[in-house]
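Chemist: got a sequence here, can you model it:
(one chain, ligands or ions: 1)
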Amino acid sequence: MKVYVNGRLVPEKKAAISVFDHGLLYGDGVFEGIRAYNGRVFMLDEHLDRLYASARAIALTIPVPKPRMSEIVVETCRANRVRDGYIRLIVTRGVGTLGLNPYNCRSPQIICIAGAIQLYPKKLYEKGLSIITVGTVRNHTEAINPRIKSLNYLNNILAKIEAINAGVMECILLNPQGFIAEASGDNVFIVRGQEILTPPTWCGALRGITRDAVMRLAGELGYTAREEVLTRYDVYTADEVFLTGTAAEIIGVVEVDRRRIGRGRPGPVTCRLAEAFSNLARSSGTHIR
Ligand code: PXG
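Modeler: Next up is the predicted model:
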């Protein structure tokens, strides 16, 4: 595998950054997880818009313009003959002193890795996920705004540890007010009658690229999709619950806190949306060749 780092594509064994990089020392940086389907990078412009917005939010100036970053992603895919895969694009604060001050870091590092995707087993999409709500509260929006896709994922990892220790693979985090925020690496949706609802970003959710796509597709399929402040009551009483994310795409949730959701299997709305999303992903995007 070849990895893009420090302006060059190098063999993965030679791909390295400094131990003094603030990305490592403090989780000071931003990233994106992007998919390629059928030789095309899916929603690349949307991912780059979010990356640059995340960087702006942490006062990090990305040293290349968006069109060049787009080329970096495509070139990395090409160098690795990726047709279907997962792309990790990272911008770190760069090398600095052993102190927090980011203004000592003169050159942010861009890293792009394009490799294989690790998916949930197919059976889980058919049966649906069992998840729990965890005690770890989503970061306060004025601590680290969850809209920033930063390298500082400890909030999510602490939640994931709770989930795995409880015997499930994913979890719902509540915000400091007790409203539903999101899952550790996915957005949360509920289906209530003909309505498809997801928490607004100010409740502590990342504005997921998959989330946006699903809301658009839902409208096209004749459903009403909108943001609504949600509580666990709404989740427990929903007809269907599903998660969305670049890696997971759309996956049904059939159990939350050991309570059965709906009929206990992925519902019809979840399945229709998953199919529509799959068709969209496989028929659009930036060509790699
Ligand atoms: N919320 C959070 C906190 C995320 O990290 C999403 C929602 C979904 O957003 P997109 O744009 O992908 O629809 C994400 C993104 C993992 C992993 O290993 C997941 C993400 C990022 C990095 C790793 O599960 N998900």
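Chemist: indicate the residue of the stretch 1-150 of the chain located nearest to the ligand.
Modeler: Evaluated by Cβ to the nearest ligand atom, the stretch 1-150 of the chain has Gly33 as its residue closest to the ligand, separated by 4.2 Å. (C-beta placed from N, C-alpha, C; glycine too.)
Chemist: my guess is Val30 contacts Ala59. True?
Modeler: No: counting by Cβ atoms under 8 Å, Val30 stays clear of Ala59, with 11.1 Å between them.
Chemist: just to revisit the earlier point, which residue, other than its chain neighbours, is closest to the residue of the stretch 1-150 of the chain closest to the ligand?
Modeler: Nearest non-adjacent residue to Gly33, counting by Cβ to Cβ, 6 or more residues apart in numbering: Thr246, 4.9 Å away.
Chemist: count the residues that sit near the one you found.
Modeler: Residues lying near Thr246 (other Cβ atoms under 10 Å) number 21.
Chemist: surely it is in contact with Ala36?
Modeler: No: here Thr246 does not reach Ala36: they are 10.7 Å apart, not a contact under Cβ under 8 Å.
Chemist: what sits in contact with each of the two?
Modeler: Residues touching both Thr246 and Ala36 (Cβ atoms under 8 Å, 6 or more residues apart in numbering): Tyr86.
Chemist: give me phi/psi at whichever residue of the stretch 51-200 of the chain sits closest to the ligand?
Modeler: Relative to the ligand, the nearest point of the stretch 51-200 of the chain is Gly185 (3.0 Å; Cβ to the nearest ligand atom). Per-residue torsions, Gly185: phi -140, psi 20 (degrees, to the nearest 10).
Chemist: that one reaches Ile251, doesn't it?
Modeler: No: taking contacts as Cβ under 8 Å, Gly185 lies outside contact range of Ile251: 11.4 Å.
Chemist: quick check, pLDDT for the residue of the stretch 51-200 of the chain closest to the ligand.
Modeler: pLDDT for Gly185: 97.
Chemist: just the one 4 residues further on next, same as before
Modeler: On pLDDT, Phe189 comes in at 98.
Chemist: can you check Arg68 too?
Modeler: 98.
Chemist: now the helix or strand hosting it - C-alpha only, CSV.
Modeler: Here Arg68, judged by DSSP states H and E, is contained in helix 66-79. What follows is helix 66-79, C-alpha atoms only, in CSV (Å, rounded to 0.1, in the frame of the first residue of the first chain):
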residue,chain,number,x,y,z
LYS,A,66,-9.7,22.2,-1.9
PRO,A,67,-9.2,21.3,-5.6
ARG,A,68,-5.7,20.1,-4.8
MET,A,69,-7.0,18.1,-1.8
SER,A,70,-9.5,16.5,-4.1
GLU,A,71,-6.6,15.4,-6.4
ILE,A,72,-4.6,14.1,-3.4
VAL,A,73,-7.5,11.8,-2.5
VAL,A,74,-8.0,10.6,-6.1
GLU,A,75,-4.3,10.1,-6.7
THR,A,76,-4.0,8.1,-3.5
CYS,A,77,-6.9,5.8,-4.7
ARG,A,78,-5.3,5.5,-8.1
ALA,A,79,-1.8,4.6,-6.6
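Chemist: and Ile161, how many residues sit next to it?
Modeler: For Ile161, using other Cβ under 10 Å, the count is 14.
Chemist: which elements pack onto the helix holding Arg68?
Modeler: Applying 3 or more Cβ pairs under 8 Å, 6 or more residues apart in numbering; DSSP states H and E, one finds that helix 66-79 contacts strand 2-5, strand 8-11, strand 40-41, helix 44-57, strand 85-92, strand 109-115, strand 286-287.
Chemist: list the buried residues of that helix.
Modeler: Met69, Ser70, Ile72, Val73, Val74, Glu75, Thr76, Cys77 (16 or more other Cβ atoms under 10 Å).
Chemist: for stretch 272-289, same thing?
Modeler: Leu273, Ala274, Ala276, Phe277, Leu280, Ala281, Gly285, Thr286, Ile288.
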